[in-house]
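S.K.: Next comes the sequence, and after it the predicted model I'd like to discuss.
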Amino acid sequence: MATTQYLKDWQPYPFELLETRLEFDLSATATRVRSALRFRRRAPGPLILDGAGLRTLSIRIDGNDLDRSLISHADETLSIPEALIPEGEFTFFAEVEISPEENTALEGLYLSGGIFCTQCEAEGFRHITWYPDRPDVMAPFHVRIRSEKPVILSNGNPVTRQQGFAEWHDPWPKPSYLFALVAGDLVAITDHFTTRSGRGVELNVWVRPGDQDRAGFAMESLKNSMKWDEEVYGREYDLDVFNLVAVDDFNMGAMENKGLNIFNSKLVLASAETATDGDYERIEGVIGHEYFHNWTGNRITCRDWFQLCLKEGLTVFRDQQFTSDMRSAAVKRISDVQTLRARQFREDQGPLAHPPRPDHYQEINNFYTATVYEKGAEVIGMLKRLVGEDGYRKALDLYFDRHDGQACTIEDWLQVFEDATGRDLTQFSRWYTDAGTPRLTMTEAWQDGRLTLGFTQSTQPTPGQSEKPARVIPIAVGLIGPNGDEVQATTVLEMTEPAQEFTFDGLGARPVVSLLRGFSAPVTVEREISAREQALLLAHDTDAYARWQAGHDLALDALVALTEGRDAGPHLSQALGGLLEDAERDPAFASLCLALPGEEEIAGTIAARGGVPDPDAIHAARGQLIRDLATTHETRLAELFDSMQTDGPYRPDAAGAASRSLRLAALSYLSRLDDGARAQALSDSASNMTERLGALEQLVALGKDERALREFADEFGKNRLVMDKWFMVQPMRTAPTGAVQRANALAQRSDFDWKNPNRFRALIAGLGANHAAFHGKDGSGYDFLAKWLIRLDPVNPQTTARMCSAFETWRQYDADRQAHARAALERIASVPGLSRNTSEMVSRILG
Ligand code: LYS
């Protein structure tokens with residue numbers, strides 16, 4: 001039975017691990033692993049090792065064989081009683097056999113397209129051999145690998161590389177989750193980096209033969225990351241080589257194994273013809289993310305998995321800063337806020353809500369969530385805002401000095417901020433321990449040149465947490481005068497009470513409040529604001545995020561009104577007209593504003609305001625609004641569509657991406673009027689994937705996609721990553737009434753290789769993202785998802801469990817839909833032998 005792990009039960013490991021030696025004889029069906037672990041006792045107690053699915057051939061301590069009855073297969077542990085353990089230092093030996101070929105869960109050692117590779121975070125190493133598989137047990141690794149494969153890699157520096165054999169040594173003590181091994185028929189593009197203290201580092205990006213010409217951008221991104229971390233955080237790389245490998249079968253995005261990062265190939269391979277601007281940006285960001293983990297994750301790791309956000313929240317924060325510096329800070333901030341709202345707020349307000357630092361779990365893989373990652377990053381952003389640039393820098397320097405080589409906790413992290421800045425962070429720490437998104441309400445009073453802002457905060461109860469004490473909320477505000485001038489520059493109000501007032505004096509005329517500038521805290525906001533005031537902010541606010549938010553709120557209000565059968569009013573259209581006038585000045589910003597809130601967000605907004613969202617009405621209203629706006633602004637949109645063509649060879653930089661995104665935003669409106677004529681022409685002529693796919697999306701939505709889809713498949717049929725896009729665009733963009741049928745037809749195809757996580761996600765999550773189709777009244781969307789989750793679970797529990805979250809909003813819909821969703825969830829729950837991963841998710845969602 002699934003047991004629950006609690007933070008409060010954490011105990012230090014009673015042994016120190018001095019060295020790990022591993023020897024692999026690789027074979028697809030019978031890999032032999034011999035291990036020698038040198039321990040020294042630190043405290044009384046048995047020696048407990050983790051192991052799962054291992055065929056154990058021998059276990060011994062020093063010269064003495066151990067009885068295999070010490071193994072508990074139910075608990076996946078080997079427990080060696082104190083009496084059998086010598087005093088002082090001793091060595092535990094094991095020889096086991098494992099079958100990479102049968103490992104479809106992609107955890108531990110497995111095969112991807114003939115390449116041996118590993119994924120050990122969080123608890124994958126126990127599928128390789130017996131080990132204290134917990135992040136606070138760290139050791140240097142010595143690894144010897146025999147294999148027929150031409151390229152054989154592991155962590156650290158190479159000791160011997162010859163045909164059929166390689167030996168690697170990683171001098172930096174690390175936990176098992178950072179172990180990696182790769183052996184395969186691979187080719188590298190190679191480059192060099194000299195660190196600022198003069199260490200020469202060989203850089204390799206390893207891919208399958210034939211993919212080299214799509215690996216250049218990944219290499220550039222790696223070099224930029226290394227340079228950035230030196231310049232901004234003063235952090236240098238610490239080995240002689242850095243290897244990065246792309247594999248096609250991977251459960252997540254990428255993994256920061258010491259000196260040997262392993263990536264999902266979709267986050268490495270890119271060319272103008274095969275990758276979109278969005279892909280390029282993600283590649284750069286994730287390469288940065290994994291590289292930055294070398295310090296925030298590897299050199300300083302987590303004491304236990306409850307502390308996961310210690311490394312992930314911080315590293316996301318760092319990769320966000322990196323992308324801001326490489327591209328546009330304003331665009332990055334706005335898109336991060338959009339992602340946070342779409343994924344994390346949704347999680348925080350539903351049955352899966354948990355704090356950034358959870359205090360219990362059944363399956364840790366279910367906690368690699370938007371809350372741990374993205375909210376974890378927001379919490380650090382708030383901390384930085386409260387202590388200032390200088391305080392942040394001092395605290396981080398102290399963190400690296402004090403904790404290098406250690407396995408740490410959130411308390412250690414907060415302590416360095418307290419010590420470096422003298423601030424008391426007791427109340428602030430609730431951001432780590434409390435789940436839920438605070439709701440901030442603002443009222444205004446105006447008299448004799450004095451503006452009084454009254455704030456209240458409240459947070460709804462979340463599963464297991466009924467009390468929600470007040471948090472520290474940094475509220476960045478500015479004031480915009482009635483003529484559009486800024487009369488008060490950004491100032492940060494520090495809210496600490498459930499209700500609090502702040503005043504601004506000496507004002508000439510009543511200003512409009514620009515609230516929560518830069519999205520200074522992850523909260524929802526409620527205030528009285530007229531459409532006219534929103535339009536004023538959209539036109540004149542000096543803070544890009546707040547400007548965008550004003551426009552977004554205006555659009556959201558219009559969409560909710562239309563959905564509920566009321567009038568949208570003139571303000572949105574007027575405001576967009578103004579924005580379109582000088583859209584050339586900032587095409588990225590204009591395109592962000594033109595992208596109206598999605599159906600999912602409209603549904604969430606209606607639910608948050610106490611209503612019951614009707615997915616069909618939402619879909620119709622949104623379509624209607626786009627058509628109306630397109631009709632009003634047709635001439636200008638057409639002009640922009642023509643003028644936003646990028647000349648010359650494709651460049652995946654921020655400026656080029658901005659023009660293309662404005663062009664495609666214009667196209668999304670115009671396609672409602674021209675019956676897809678422009679989209680068809682663009683699909684025929686586009687020389688880059690961004691425009692090619694953008695055009696295809698419109699054609700699919702219009703049901704005029706037959707030729708474009710056929711030509712796309714003819715051209716890219718052999719390219720897995722590009723075909724994933726083809727598989728995704730159809731269920732995602734097809735008109736809701738036909739989408740489930742289409743998804744079913746696609747699932748019948750022989751190239752629907754559903755055991756490949758990218759392909760599975762493309763089709764299944766593609767349908768999940770088609771709001772009105774997935775939440776169709778007849779329940780067919782829910783049934784489709786349930787059917788495929790049931791099928792995938794025995795093969796790959798991790799990916800199955802992650803995708804259950806498509807159901808997390810089920811309670812916000814009407815009784816019929818709820819009944820269908822419940823039936824689908826209960827069908828999953830009742831499958832005999834359902835994985836621990838999926839059963840934990842389904843039972844939390846059912847609540
Ligand atoms: N640590 C990885 C990252 O960079 C993810 C590992 C996923 C383990 N299930 O986000």
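M.R.: Here it is on my side, so go on. Numbering: from 1, shown residues only.
S.K.: In the stretch 251-400 of the chain, which residue sits nearest the ligand?
M.R.: Among the residues of the stretch 251-400 of the chain, residue 252 lies closest to the ligand, at 4.3 Å counting by CB to the nearest ligand atom. Heads up, the C-betas are built off the backbone N, CA and C, glycines and all.
S.K.: Just confirm that residue contacts residue 264, I think it does.
M.R.: Yes - Residue 252 is within contact range of residue 264, at 7.0 Å (criterion: CB atoms under 8 Å).
S.K.: quick check, residue 235 in a helix?
M.R.: No - assigned with DSSP: H, G, I helix; E, B strand; the rest coil, residue 235 falls outside any helix and is coil.
S.K.: what's around it, how many residues?
M.R.: Neighbour count of residue 235, defined by other CB atoms under 10 Å: 21.
S.K.: how far away is it from residue 204?
M.R.: 21 Å (CB to CB, to the nearest Å).
S.K.: From residue 531, how far off is residue 666?
M.R.: As judged by CB to CB, residue 666 and residue 531 stand 24 Å apart.
S.K.: neighbour-wise, which of those two wins?
M.R.: residue 666 (27 against 18).
S.K.: any idea how far the residue in the stretch 501-650 of the chain that the ligand sits nearest to lies from residue 549?
M.R.: Nearest residue of the stretch 501-650 of the chain to the ligand (CB to the nearest ligand atom) works out as residue 522 at 19.5 Å. The spacing between residue 522 and residue 549, counted by CB to CB, is 13 Å.
S.K.: which stretches of the stretch 501-650 of the chain form strands?
M.R.: The residue ranges that make up the strands of the stretch 501-650 of the chain, judged by DSSP state E, counting those that start in this stretch, are 512-515, 524-527.
S.K.: What is the first one packed up against?
M.R.: Right, the one you point to is strand 512-515. Using 3 or more CB pairs under 8 Å, 6 or more residues apart in numbering; DSSP states H and E as the contact criterion, the elements in contact with strand 512-515 are strand 439-447, strand 473-480, strand 524-527, helix 531-540.
S.K.: Try it again at 7 Å.
M.R.: Secondary structure elements in contact with strand 512-515, counted by 3 or more CB pairs under 7 Å, 6 or more residues apart in numbering; DSSP states H and E, are strand 473-480, helix 531-540.
S.K.: residues from the chain in reach of the ligand?
M.R.: 121, 122, 252, 254, 255, 256, 289, 290, 312, 365, 368 (CB under 6 Å from any ligand atom).
S.K.: Which of those residues fall in strands?
M.R.: When DSSP state E is applied, the residues of the chain next to the ligand are split such that 254, 255 fall in strands.
S.K.: now the residues of the chain next to the ligand in CSV, with pLDDT and distance to residue 624?
M.R.: Rendered in CSV, the data for the residues of the chain next to the ligand read as follows (pLDDT from 0 to 100; distance: CB to CB, whole Å):
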residue, pLDDT, distance to residue 624
121, 98, 47
122, 98, 47
252, 97, 39
254, 98, 41
255, 98, 45
256, 99, 47
289, 99, 40
290, 99, 44
312, 99, 41
365, 97, 42
368, 98, 39
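S.K.: In contact with residue 21, which residues?
M.R.: Residue 21 sits next to 35, 36, 142 when contact means CB atoms under 7 Å, 6 or more residues apart in numbering.
S.K.: cutoff 6 Å now
M.R.: Counting by CB atoms under 6 Å, 6 or more residues apart in numbering, residue 21 touches 36, 142.
S.K.: show me where the stretch 601-750 of the chain has helices.
M.R.: With DSSP state H, counting those that start in this stretch as the criterion, the stretch 601-750 of the chain has helices at 615-632, 634-643, 654-674, 677-685, 689-702, 706-716, 720-733, 736-747.
S.K.: Not including adjacent chain positions, what is the nearest residue to the residue of the stretch 501-650 of the chain closest to the ligand?
M.R.: Nearest-residue entry for residue 522: residue 378, 4.4 Å, with adjacent residues in sequence omitted and distances by CB to CB, 6 or more residues apart in numbering.
S.K.: Just the element for that neighbour, please.
M.R.: With elements delineated by DSSP states H and E, residue 378 resides in helix 376-403, which encompasses its position.
S.K.: From the contact counts, what lies against that helix?
M.R.: helix 308-326, helix 410-421, strand 473-480 (3 or more CB pairs under 6 Å, 6 or more residues apart in numbering; DSSP states H and E).
S.K.: contacting residues for the residue of the stretch 551-700 of the chain found nearest the ligand?
M.R.: As assessed by CB to the nearest ligand atom, the ligand sits closest to residue 652 within the stretch 551-700 of the chain, at 22.1 Å. Contacts for residue 652 were tallied using CB under 6 Å, 6+ apart; they are residue 280.
S.K.: Export the helices of the stretch 601-750 of the chain to TSV and append columns for mean pLDDT.
M.R.: Output for the helices of the stretch 601-750 of the chain, formatted as TSV (pLDDT from 0 to 100):
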stretch	mean pLDDT
helix 615-632	98
helix 634-643	98
helix 654-674	97
helix 677-685	98
helix 689-702	98
helix 706-716	98
helix 720-733	98
helix 736-747	98
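S.K.: how about those in a markdown table, adding distance to residue 823?
M.R.: Converted to a markdown table, these look like this (distance: least, CB to CB, whole Å):
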| stretch | distance to residue 823 |
| --- | --- |
| helix 615-632 | 18 |
| helix 634-643 | 44 |
| helix 654-674 | 36 |
| helix 677-685 | 39 |
| helix 689-702 | 30 |
| helix 706-716 | 33 |
| helix 720-733 | 22 |
| helix 736-747 | 16 |
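S.K.: and of those helices, who's closest to residue 816?
M.R.: Across the helices of the stretch 601-750 of the chain, residue 816 has its closest neighbour in helix 615-632 (11.7 Å, CB to CB).
S.K.: hang on, the earlier thing: count the residues that sit near the residue of the stretch 501-650 of the chain closest to the ligand.
M.R.: By other CB under 10 Å, the burial measure for residue 522, its neighbour count, is 24.
S.K.: again, but for the one 4 residues further on
M.R.: Counted with other CB under 10 Å, residues neighbouring residue 526 total 14.
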